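Next come a sequence and a model predicted from it.
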Protein chains: 2
Amino acid sequence: MGIIFSDLAVSADGYATGLNQTEERPFGDVDDSWLHNWMFDAYEENKAEVDAIVTSGATIMGRNMFGPVRGEWDRDWRGWWGPNPPYHNPVFVLTHHPHESIEMEGGTTFHFITDGIERALELARDAAGEQDISIAGGPRTVNQFLTAGLLDELRLHITPCIIGAGERVFEGVPPQRLERVSVRATSLVTHITYRRI
Amino acid sequence: MGIIFSDLAVSADGYATGLNQTEERPFGDVDDSWLHNWMFDAYEENKAEVDAIVTSGATIMGRNMFGPVRGEWDRDWRGWWGPNPPYHNPVFVLTHHPHESIEMEGGTTFHFITDGIERALELARDAAGEQDISIAGGPRTVNQFLTAGLLDELRLHITPCIIGAGERVFEGVPPQRLERVSVRATSLVTHITYRRI
């Protein structure tokens, strides 16, 4: 059986996203390049880590990671990623508001789950078979899985900046020791992988 | 002229100390070994980083790092470190309450500075000559120097644990990019050094 993993690009102070998300700014008040330039400007150097992010049999994400729409689904929204999202597998979006599944190009289908992370995980497990399951984010969703003891592996991609406000990895997660599985530094980022003990 | 540096052992979620400091528990509710076992249990492996912590010509620390006494100095207190503290140089303690200097064995003298970090830095600079100045902690004091743009180099020693409450590095420090100077992983800790840009 595959593992449940998550990748988060975070600042040195642990923020994975800023405040005030809008359609134009998925990461809110943060300069997106501070957190993510290593994925684009230095793709070759970080190829292993970047490719691993979308190597899973199913994906789970929070609603804010899916889009800026809040409350009822009062407009058409199909994610930030255009017609062919990078997931290429079933993506289970956590929400309080039911929505029909949306089939995209390239094998990505967004399913909307209104009854919590355990149910999303059950469906993701069915969809993934023997493959891994990715908790794509955002940080609040990752923290929910950490708190529930359901995340096997957390891969932090720590970028050299201070953001100062937003949503942090580990916020509200109970005290615990972790196993540090690996560390790799490239020019723009420090990759650290933790596993739960 | 030397640089101004700081070393902080922090959890994966950025805490350098827990809540509720007492004389018996300098780091409060945190199991001290979660943050510092690499310094003792794996000294040889981390010798370079451990030795660098106390390689300076002068030291500055906050009052809580010096001791658990709050408000007026209503009892005799000479630090947590016994008669021969590891600093072996002049240590300037930031406080709102005047106190006579305390000379210890081995070259450490505690001086008590009541007029802020710039004044402490001035005195430390005089004492250090061409040598570096260490901002020994705690995190609130380090954050004050970071906020004032007075810290040249921050050496984080990140330990694989979640602490969840206490005092965090970078708290309240303005958003900024940093230069990541080095990364070194040993079995119990990940050393990351940042410099201000």
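Okay, I see it. Residues are numbered from 1 along each chain as shown, chains lettered A, B, ... in the order given.

Helix, strand or coil: sort out the closest residue to A:Val189 other than its chain neighbours for me.
Spatial nearest neighbour of A:Val189, excluding adjacent residues (C-beta to C-beta, 6 or more residues apart in numbering or on different chains): A:Trp38 at 3.9 Å. C-beta coordinates here come from the backbone N, C-alpha and C atoms, glycine included. Judged by DSSP: H, G, I helix; E, B strand; the rest coil, the three-state class of A:Trp38 is helix.

Which residues are in contact with A:Trp38?
For A:Trp38, the contact set (C-beta atoms under 8 Å, 6 or more residues apart in numbering or on different chains) comprises A:9, A:45-46, A:157, A:159, A:186-189.

now with 7 Å?
Contacts here follow C-beta atoms under 7 Å, 6 or more residues apart in numbering or on different chains; on that basis A:Trp38 touches A:46, A:157, A:159, A:186, A:188-189.

Sticking with the most far-flung residue of chain A relative to its centre, tell me its helix or strand.
In chain A, the greatest distance from the average C-alpha position (C-alpha atoms, centre = their mean) is reached by A:Asp74, at 24.2 Å. According to DSSP states H and E, A:Asp74 maps onto no helix or strand at all.

Chain A: helices as residue ranges?
Ranges of helices in chain A, per DSSP state H, are A:32-40, A:47-53, A:63-66, A:116-128, A:139-147.

what does the third one contact?
It stands for helix A:63-66. A:21, A:79, A:93-95, A:110, A:136-138, A:141.

Does the residue nearest to A:Gly149 when sequence neighbours are not counted have any beta-bridge partners, and if so which?
Among residues not flanking A:Gly149 along the chain, A:Arg196 sits closest, at 6.8 Å (C-beta to C-beta, 6+ apart). Beta-bridge pairing for A:Arg196 (DSSP bridges): A:Leu178.

what residues does chain A put near chain B?
By C-beta under 7 Å from any C-beta of the partner chain, the residues of chain A that approach chain B are A:12-14, A:34, A:160-164, A:170, A:173-180, A:183, A:185, A:190, A:192, A:194.

how close does A:Thr159 sit to A:Ser187?
Distance from A:Thr159 to A:Ser187, counting by C-beta to C-beta, to the nearest Å: 11 Å.

what about the strands in chain A?
Listed in chain order, the strands of chain A (DSSP state E) span A:4-11, A:15-17, A:58-62, A:90-94, A:102-103, A:109-113, A:133-137, A:153-159, A:161-162, A:167-168, A:176-185, A:190-196.

Out of the contacts of A:Trp38, which comes closest to B:Glu153?
A:Thr159 (18.1 Å; C-beta to C-beta).

can I assume that closest one is in contact with A:Trp34?
Yes: contact criterion C-beta atoms under 7 Å: A:Thr159 and A:Trp34 qualify, at 6.1 Å.
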